[in-house]
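Peer 1: quick one: sequence and predicted model below, then my questions.
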Amino acid sequence: MKFDEILEHIGEFGWYQKRVYFILCLPALICGLQVLSPVFTLATPLHRCKLPNYSNDTYEIQNDYQEYLINISIPPSDVDSSDYSECMIYSDVNFSAPHEFRWSNTSAPRSTRTCKEWVYDKSEYDLSAIEEFSIVCEDTIMRSHSNMVQFSGALFGAIFMGFIADCLGRKKAIMLTLLIQFGSSLGIYLAPSYQAMTIIRFFTGIAAYSLFAISATTGIELVGPAKRTFTGVVVEIYWCVGILLLLPIAYLLPNWRHIQLAMCILTVPLFSIWWLIPESPRWLLDKGRYTEAEDILQKICRSNQTKLPQDALIPETRTQCPHTKIWNMFTHRVLIVRTFIVFFNWLAVNLLYYGISLSLDNLAGSTYVNFLIGGVVELVAYAVCLLLLDRTGRKKMYCVSMFIGAISCLAVVLPITLGNQSHMWIATVLAMIGKLCSSACYAILYILSAELFPTVIRNSGIGFCSVFENIGGMISPYIADMGIVLGGAFAQGLPMTVFGTVSIIAAFLSLFLPETLHRTLPETIQDAIDFDKQQTYDRNGSKVPVVEVELQVPLTAKE
């Protein structure tokens, strides 16, 4: 008897499963906090060059004399002549002379030089890592490097933590990622330099992304096919709540080190999960640990007031499958195409998500307000998924969301390159539509991927999806910087053009994926090959007759 068929008999989402599932959602809170914390910890405040030999210089003008010194010392900004340059200072000012002789007011062109010290606007942040380590002007790219390192850690974790979850179990993998999360948060809080902070962020990437993926997958494995949409989307809502929790934390603790310490402290209660959740019964059955799996299934039965069928664990689930590796997904033409499409869509959806997030920097207004709007929009996206995903199907809703998000991303180019400041509200609306769609795509793709990969390699498969997801994340900051490197109006819109184009290609490819709505989860490679023949359920969880379809002959592996 297949595991989904066992759940059909004993209950797909009873009280015991709900309790375990919602406990498994709790790590998503800290993951959302950690992943988006750089919005505040690596925020770049408004700044300008510090006046030499003026010890009390501040970004906010204090008196007329300071304003006079700034006017003769700092050139106007290239972007807005009413502001001062962030990186340049006049080189013809003699700051050691009396103030009335510091500069000769002539009509000759004035030379400039780069400065080495800055003063920062304190209206939003007391202290960010950018200010503390002076990562501005010529060193601005170092912030992108730091973000890239975190995505590199996520990529590393996606490869190895998925294997650990499949080999050692879901519980041990969750505990290991929590330990890394706690240690890396504490390490960043204590980091003495930019280099140390960036190195430690590699481990933050390992922890946050792997913790979310393993917890979400374990929760989906615990429930029947009729409830997988609910469980797949609700964990994303927890992620979004974590993002929104970051807002009051960052507002009340405007020092970047205090934000990191808060995340470290919030991780501690999550270690109690070890005593509150069981191992995944699907994983136990796959590893031949039938007694432990049966104990968990009996708990579900007692909770749901049902009985475990006597033949539940025989003969299908007791038949030990040969040891399976992720590359077995590349032994059949159907699986090769399907896996490639899933991997490419993970890369594209991450490009779209972070492309839209990067575009928020062009919006006027407070960072806190923009972050709040973005978080609420993301929450709305998950609520829409929860309401519609079981009605429309995974593939249809994903394709539509990806297409709309891509078009919104491309359309943002128009007000950025052709409009002026009065047109930026159009960019804001388009960016929020794109944020809505990209968030929905994330939620749908997590469910779709988990339902396409068989149990024997599900965490490894999701892990490799995260590899391509994080490749997209690693390159997105550098694509976003193309406008700065190339210069000009066209170059400013080029990054969004790239994000939108890749997303349209991904949406088209996703049309070739099978629909997984109310399908039995594949448990073996052969189940994945025969996916179109797997048992289908209607909205009420009742079986629907299956039409047999002959599949192509598998590829023959070289000896």
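Peer 2: Received it, and whenever you're ready, just let me know what you need.
Peer 1: who's in contact with the residue nearest to residue 227 when sequence neighbours are not counted?
Peer 2: In space, and not counting its chain neighbours, residue 227 is closest to residue 13: 4.1 Å by Cβ to Cβ, 6 or more residues apart in numbering. C-betas here are computed from N, CA, C, even on glycine. With contacts taken as Cβ atoms under 8 Å, 6 or more residues apart in numbering, residue 13 has the following neighbours: 21, 223-224, 226-227, 230-231.
Peer 1: can you pull the phi and psi angles for residue 13?
Peer 2: When read as degrees, to the nearest 10, the backbone of residue 13 gives phi -160, psi 60.
Peer 1: do the same with residue 523
Peer 2: Torsion angles, degrees, to the nearest 10, at residue 523: phi -110, psi -20.
Peer 1: can you give me the neighbour number for it?
Peer 2: Close neighbours of residue 523, defined as other Cβ atoms under 10 Å, add up to 22.
Peer 1: so it makes contact with residue 456?
Peer 2: Yes. With contact defined as Cβ atoms under 8 Å, residue 523 counts as touching residue 456 (6.9 Å).
Peer 1: contacts only, for residue 249.
Peer 2: Counting by Cβ under 8 Å, 6+ apart, residue 249 makes contact with 33, 259, 262.
Peer 1: check residue 194 too.
Peer 2: Neighbouring residues of residue 194 by Cβ under 8 Å, 6+ apart: 129, 133, 135, 142, 146.
Peer 1: and these, which is closest to residue 464?
Peer 2: Using Cβ to Cβ, residue 146 is the member of the contacts of residue 194 that lies nearest residue 464, at 25.0 Å.
Peer 1: can you give me phi and psi for that closest one?
Peer 2: The main-chain torsion angles of residue 146 are listed as degrees, to the nearest 10 and equal phi -60, psi -40.
Peer 1: from here on, count from 311
Peer 2: All set: I'll call the first residue 311, so the last point we hit is now residue 456.
Peer 1: let me know the pLDDT of the residue nearest to it when sequence neighbours are not counted.
Peer 2: With Cβ to Cβ, 6+ apart as the criterion, residue 456 has its nearest non-adjacent residue at 4.6 Å, and that residue is residue 508. Note on residue 508: pLDDT of 94.
Peer 1: now swap in residue 476 and tell me
Peer 2: Reported pLDDT at residue 476 in the predicted model: 83.
Peer 1: and the one 3 residues further on, by the same measure?
Peer 2: Predicted confidence (pLDDT) at residue 479: the value is 89.
Peer 1: with the one 10 residues further on instead?
Peer 2: pLDDT for residue 489: 96.
Peer 1: so it is in which element?
Peer 2: helix 480-500 (DSSP states H and E).
Peer 1: give the buried residues for the helix or strand just after that helix.
Peer 2: Sequence-wise, the next helix or strand beyond helix 480-500 is helix 504-531, with elements assigned using DSSP H and E. By neighbour count, with 16 or more other Cβ atoms under 10 Å as the criterion, the buried positions of helix 504-531 are 504, 507-531.
Peer 1: now helix 504-531: how far from the chain's centre is it?
Peer 2: Relative to the mean C-alpha coordinate of its chain, helix 504-531 is positioned 10 Å out (Cα atoms, centre = their mean, to the nearest Å).
Peer 1: likewise for stretch 821-839?
Peer 2: 25 Å.
Peer 1: what mean pLDDT does that stretch get?
Peer 2: In this model, stretch 821-839 carries a mean pLDDT of 79.
Peer 1: mind checking the end-to-end distance for that stretch?
Peer 2: The stretch stretch 821-839 measures 18 Å between its terminal residues, going by Cα to Cα, to the nearest Å.
Peer 1: do I have it right that residue 538 meets residue 530?
Peer 2: Yes. Residue 538 is in contact with residue 530 according to Cβ under 8 Å; the separation is 5.7 Å.
Peer 1: now do the shared contacts for the two.
Peer 2: Counting by Cβ under 8 Å, 6+ apart, the contacts common to residue 538 and residue 530 are 757, 760.
Peer 1: sorry, back to before: what is in contact with residue 833 and residue 766 at once?
Peer 2: With Cβ under 8 Å, 6+ apart applied, the overlap between the contact sets of residue 833 and residue 766 consists of residue 596.
Peer 1: restricted to helices, list the contacts of residue 559.
Peer 2: For the contacts of residue 559, the ones inside helices are 343, 569, 572, with DSSP state H as the criterion.
Peer 1: who's in contact with the residue nearest to residue 456?
Peer 2: Under the criterion of Cβ under 8 Å, 6+ apart, the neighbours of residue 508 are 455-456, 459.
Peer 1: buried residues, the helix holding residue 489. List them.
Peer 2: 480-481, 483-488, 490-499.
Peer 1: contact partners of that helix?
Peer 2: Helix 480-500 is contacted from outside by 337, 340, 344, 467, 471, 474-475, 506-507, 510-511, 513-514, 516-518, 520-521, 524-525, 527-528, 531, 567, 570-571, 573-574, 577-578, 580-581, 583-584, 587-590, 593, 769, using Cβ under 8 Å, 6+ apart.
Peer 1: for the stretch 361-510 of the chain, give me the ranges with low pLDDT.
Peer 2: With pLDDT under 70 as the threshold, the stretch 361-510 of the chain has low-confidence stretches at 388-392, 403-419.
Peer 1: need the strands for it, in chain order.
Peer 2: Defined through DSSP state E, counting those that start in this stretch, the strands belonging to the stretch 361-510 of the chain, from first to last, are 398-400, 422-424, 428-430.
Peer 1: surely residue 554 and residue 685 touch.
Peer 2: Yes. Residue 554 is in contact with residue 685 according to Cβ under 8 Å; the separation is 4.5 Å.
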